[in-house]
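Participant: only geometry, no sequence info:
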């Protein structure tokens with residue numbers, strides 16, 4: 001057993017969390033910075049370096065007791081005994097354990113962001129104007145909307161707007177956007193747009209590029225010309 005324990009951080013409680021995964025019948029844990037860990041997980045590993053996420057570059061069988069996972073067990077469960085790669089898999093596939101204080105902060109921050117999103121993206125269909133943020137916030141409380149700290153605000157906003165409809169006259173403003181998609185992205189973008197049912201009109205150009213009228217603005221990796229052609 002390693003002599004390292006969480007007590008080595010001193011008397012003050014450090015701002016960290018444990019990410020945990022069970023693999024091959026064994027428990028594996030890493031100590032992480034919560035903000036960086038959540039960003040890393042939500043980005044599927046593309047947000048930053050794993051070393052910036054870890055508080056301590058070691059994989060544990062039990063972090064609280066300071067019991068390190070053996071290299072043999074890691075190799076058997078993950079196919080590698082490289083601590084950084086095992087930590088990466090723990091973060092992406094496992095669960096990040098959060099303190100109640102941090103969870104509350106995360107939910108509150110996300111709530112404020114969602115209120116701002118709804119204020120900017122939704123309108124009162126009777127007037128065509130957005131609701132003030134204070135009214136949106138009150139409606140969230142009235143409808144008893146639960147914010148999921150594990151999901152991004154973008155993933156939740158449409159479902160939350162539906163939950164608000166019984167207590168607030170509201171709808172998301174749907175805009176039609178015309179994209180000129182370069183040829184190297186056109187085929188992939190066209191298939192995705194059709195699959196999601198957002199493609200309103202497509203016009204293939206002689207150079208292989210695509211002009212498409214859609215109801216979202218998410219594709220083409222930022223390399224596209226677009227203009228709003230209508231709202232409904």
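Facilitator: Great, that's in hand. Please read all numbers here as calculations on a predicted model, not as lab measurements.

Participant: Distance check, residue 71 against residue 88.
Facilitator: 16 Å (CB to CB, to the nearest Å). Backbone N, C-alpha and C define where each C-beta goes, glycine included.

Participant: between those two, which one's more packed in?
Facilitator: Between residue 71 and residue 88, residue 88 has the larger neighbour count (other CB atoms under 10 Å), namely 18 against 14.

Participant: Which residue, neighbours along the chain excluded, lies closest to residue 84?
Facilitator: Once flanking residues are discounted, residue 84 sits nearest to residue 50: 5.4 Å by CB to CB, 6 or more residues apart in numbering.

Participant: which ones are touching the one you found?
Facilitator: 40, 84, 87-88, 91 (CB atoms under 8 Å, 6 or more residues apart in numbering).

Participant: mind running it again at 10 Å?
Facilitator: Counting by CB atoms under 10 Å, 6 or more residues apart in numbering, residue 50 touches 30, 32, 36-37, 40, 57, 83-88, 90-92.

Participant: Would you write a ChimeraX line that selects the buried entries of those?
Facilitator: In ChimeraX, a selection of the buried entries from the contacts of residue 50 looks like this (16 or more other CB atoms under 10 Å):
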select :30,32,36,37,40,83,86,87,88,90,91
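
Participant: tell me which of the contacts of residue 50 is nearest to residue 64?
Facilitator: Distance to residue 64 across those (CB to CB) is lowest for residue 30, with 12.7 Å.

Participant: wait, is the closest one part of a helix?
Facilitator: No - applying DSSP: H, G, I helix; E, B strand; the rest coil, one finds residue 30 to be strand, outside a helix.

Participant: show me the contacts for it.
Facilitator: 17-21, 37, 50, 53-60, 63, 69, 83-84, 86-88, 90-91, 94, 96.
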